[in-house]
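**Q** have a look; sequence and predicted model below, questions after that.
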Amino acid sequence: MSIKIPNLFIVGAMKSGTSSLHNYLATHPEIYMSQFKEPQYFADLGKDPSRGICKTEEDYLNLFKDAGNAKIIGESSTNYSKIPEFTGVTARIKAFSPEARIIYIMRDPVERALSHYWERVKRYLEGRDMLSTIQNEPDIANVGYYAMQLKPYLELFGRDRVFILTLESLNANKTEMLQSIFEWLEVDSSFQVPEIGKYNVGQEEVPMFIGAPLVAMLRQTPMWSILTKLLPQSLSANIRKLTRPVKRDMSQAPAAIAYLRPILLQQTEELCQLLDRQFPEWTTLYDRSV
């Protein structure tokens, strides 16, 4: 049996529609997308090879063993565009699959950052308020620093092998946008994606860890790093099950937006220059929603 090597990578951005795009592409008969989204293999390889679901290259390649005769074989991992948390990812992908194509989907960076905060509440025992978290967790703004995340892919793969779109354009013109992607991938562009719905959509309520305020206080002390190293993974997983539903408190959003907007406006101006285009669809960033 021949080894199937992926030649398509949806690399992010986190909270920008990567799950929906992954599943839309997976419906095409000439495209095989890994059933397990977010393998993170090329990110974990640089940080800790023992992390994640793929401990070895064989584990990773097993994700694509059922690809059959698919022309395009792909995966999606948002940690592939999280500089500076994960570095060297682009070079590792390039070395592994030199002719790969890259898809990068973006979202209004303000809206994305707010969604990123709630993802931290849901998954990472976050107990601080929105503004404090955003101020003290630079990765939230960095993930939305699209120019910084894109540059390595444009430099290593070339502009013609990197497809860039926004979540807003995909939502507004799904059929046309997917046809453009299919044309770029050189598969049948007349294929109509069935109505399969959106994935990983933010809910009105999110699960919050019962002890989140205490965790938030511990994070500010040296004890936090000691505890995270001492706790076995099995215990950490059980702790995360101790959650209660909380409503998304959007009353916190105005202060967070006021803090984020000047930072993200400057970063987006860099993106506009990099790509020679504007993003009028980002109404929250540009305060055009009213």
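**A** Perfect, thanks for sending it.

**Q** am I right that residue 271 falls within a helix?
**A** Yes. The assignment for residue 271 is a helix, going by DSSP: H, G, I helix; E, B strand; the rest coil.

**Q** how about the contacts made by it?
**A** Residue 271 sits next to 146-147, 150, 279 when contact means Cβ atoms under 8 Å, 6 or more residues apart in numbering. In short, each C-beta sits where N, CA and C put it, glycine included.

**Q** doesn't residue 7 make contact with residue 99?
**A** Yes. Look at residue 99 against residue 7 with Cβ atoms under 8 Å: they come within range, at 6.3 Å.

**Q** ok, the two, which is more surrounded?
**A** Counted by other Cβ atoms under 10 Å, residue 99 and residue 7 do not tie: residue 7 has more neighbours, with 16 against 9.

**Q** related to what we said a few turns ago, of the contacts of residue 271, which is the nearest to residue 13?
**A** residue 146 (6.6 Å; Cβ to Cβ).

**Q** ok, now which ones touch the closest one?
**A** Neighbour list for residue 146: 13, 104, 106, 109, 267-268, 271 [criterion: Cβ under 8 Å, 6+ apart].

**Q** in the chain, which spans are strands?
**A** 8-10, 31-33, 72-76, 101-106, 162-166, 205-209, 243-247 (DSSP state E).

**Q** the second one packs against which elements?
**A** Judged by 3 or more Cβ pairs under 8 Å, 6 or more residues apart in numbering; DSSP states H and E, the packing partners of strand 31-33 are helix 18-26, strand 72-76.

**Q** dump the ones you listed to TSV, plus mean neighbour count and mean pLDDT.
**A** Shown next, in TSV, are those (neighbours: other Cβ atoms under 10 Å; pLDDT from 0 to 100):
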stretch	mean neighbour count	mean pLDDT
helix 18-26	21	96
strand 72-76	22	98
